[in-house]
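In: build me a model from this:
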Amino acid sequence: MTSVASTSRKLFVNLAIADLPRTTAFWKRLGFTFNPQFTDENATCMILSEEAYVMWLVRPFFQTFTKKQICDSSTASETLLCISAESRAAVDELVNTALSAGGSPAMPPMDMGFMYGWSFYDIDGHHWEVMWMDPSHIQKA
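Out: Numbering: from 1, shown residues only. The predicted model follows:
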């Protein structure tokens with residue numbers, strides 16, 4: 001029997017948004033690309049990597065997938081999303097680009113020496129952390 005923990009998986013994070021073209025334009029400005037196969041008037045698929053994706057769903061469409069109330073991410077945190085960057089400079093570049101594209105500051109930069117991060121709220125209020133970690137501090141399992 002194969003262990004569930006050892007199985008390679010893809011991650012699809014689904015987030016509710018107000019305006020699909022506006023959200024798509026924001027993330028394109030940050031350098032992300034989208035899969036047109038999973039894009040229509042209700043949703044789009046942003047590619048983070050070969051294994052991780054963000055599905056941006058307009059609020060009424062998102063609501064069809066849950067019985068719970070959708071979080072108002074302009075006033076409440078539903079989740080903290082963290083993506084990696086290749087360097088400290090890349091962390092700063094991505095966050096500064098997000099801020100200039102209409103995002104807003106979340107938390108101040110955090111420098112732990114071996115790890116550096118900074119965060120922003122996107123135009124829909126989702127909290128994104130961008131981090132870099134010195135590869136020499138990552139131990140192999």
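
In: quick one: the helices in the chain, in order.
Out: Per DSSP state H, the chain has helices spanning 20-29, 59-63, 88-100. These are given in chain order.

In: the strands in the protein, which residues?
Out: Per DSSP state E, the chain has strands spanning 11-17, 33-35, 43-47, 52-58, 80-84, 104-105, 110-111, 115-121, 127-133. These are given in chain order.

In: out of those, which is closest to residue 66?
Out: Each of these was checked against residue 66 via C-beta to C-beta, and the shortest separation belongs to strand 11-17, namely 9.3 Å. Every C-beta, even on glycine, is put in place using the N, C-alpha and C of the backbone.

In: pull out the buried positions in that closest one.
Out: Applying a neighbour-count criterion of 16 or more other C-beta atoms under 10 Å, one finds 15, 16, 17 buried in strand 11-17.

In: in a markdown table, list the residues you listed along with distance to residue 48.
Out: Below are these laid out as a markdown table (distance: C-beta to C-beta, whole Å):
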| residue | distance to residue 48 |
| --- | --- |
| 15 | 12 |
| 16 | 18 |
| 17 | 16 |
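
In: return the distance of residue 116 relative to residue 131.
Out: Here the distance between residue 116 and residue 131 works out to 7 Å (C-beta to C-beta, to the nearest Å).

In: er, residue 15 actually
Out: Relative to residue 131, and taking C-beta to C-beta, residue 15 is found at 19 Å.

In: thinking again about what came up before, what do residue 116 and residue 131 both touch?
Out: In terms of C-beta atoms under 8 Å, 6 or more residues apart in numbering, residue 116 and residue 131 are both contacted by the residues residue 91.

In: more neighbours: those two, which one.
Out: The neighbour count for residue 116 versus residue 131, taken as other C-beta atoms under 10 Å, is higher for residue 116 (20 against 17).

In: now for that one: which residues touch it?
Out: When contacts are taken as C-beta under 8 Å, 6+ apart, residue 116 is in contact with 88, 91, 109, 110, 131, 132, 133.
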